[in-house]
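S.K.: can't give you the sequence, but here's the structure:
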């Protein structure tokens, strides 16, 4: 992703175009965000255990850990994320955590295939924004997953 951003920035520079990386780039008068969707960088994630073993009990413990470490996640999920995570426009509020089956308004969206396969597969964290560092996002997700016992 960093290489793609670098190439885009160099191309824009060549053509005299500015790039706005903010998750809510257009602000209304008085610097208030417009009432519309922001830019997300949703993180799909899984582990070998999630794909091969899974199970509803493990999943519920994992979501409890994501809730427990909500603030730590938000801290690395991109600048100005409070402008995007308002609870409107298919987002959960920045100060809440939720998960739901095919729920585009949840913090973590659960694909139908995950539940249909015995709570095995991947999940989607919808909270990171487009300006987040993908390495920090992945690192935080993995750190949280490591707190959940697999037995």
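M.R.: The structure has been received and is ready for your questions. It should be emphasised that the depicted structure is a prediction, and the values quoted were computed from it without experimental measurement.

S.K.: how many neighbours does residue 77 have?
M.R.: Other residues within reach of residue 77 by the criterion other C-beta atoms under 10 Å amount to 25. Yep, even glycine has a C-beta here, placed from its N, CA and C like the rest.

S.K.: with the one 4 residues further on instead?
M.R.: As a burial measure, residue 81 scores 23 neighbours (other C-beta under 10 Å).

S.K.: please name the nearest non-neighbouring residue to it.
M.R.: Taking C-beta to C-beta, 6 or more residues apart in numbering, and ignoring the residues beside it in sequence, residue 81 has residue 129 as its nearest neighbour in space, at 5.0 Å.

S.K.: got the contact list for the one you found?
M.R.: With contacts taken as C-beta atoms under 8 Å, 6 or more residues apart in numbering, residue 129 has the following neighbours: 23, 38-41, 77-81, 84.

S.K.: check residue 94 too.
M.R.: Counted by C-beta under 8 Å, 6+ apart, residue 94 has contacts 74, 81-82, 85-86.

S.K.: cutoff 10 Å now
M.R.: With contact set as C-beta atoms under 10 Å, 6 or more residues apart in numbering, residue 94 has these partners: 70-71, 74, 77, 81-87, 107, 127.

S.K.: in stretch 9-25, what's buried?
M.R.: 22-25 (16 or more other C-beta atoms under 10 Å).

S.K.: next: stretch 135-151.
M.R.: 137, 140-141, 144-145, 148.

S.K.: going by distance to residue 62, which of the residues you listed wins?
M.R.: Within those, distances to residue 62 taken as C-beta to C-beta reach their minimum at residue 148, with 5.1 Å.

S.K.: which of the contacts of residue 94 are buried?
M.R.: Judged by neighbour count, with 16+ other C-beta under 10 Å as the criterion, the buried members of the contacts of residue 94 are 70, 74, 77, 81, 83-86, 107, 127.
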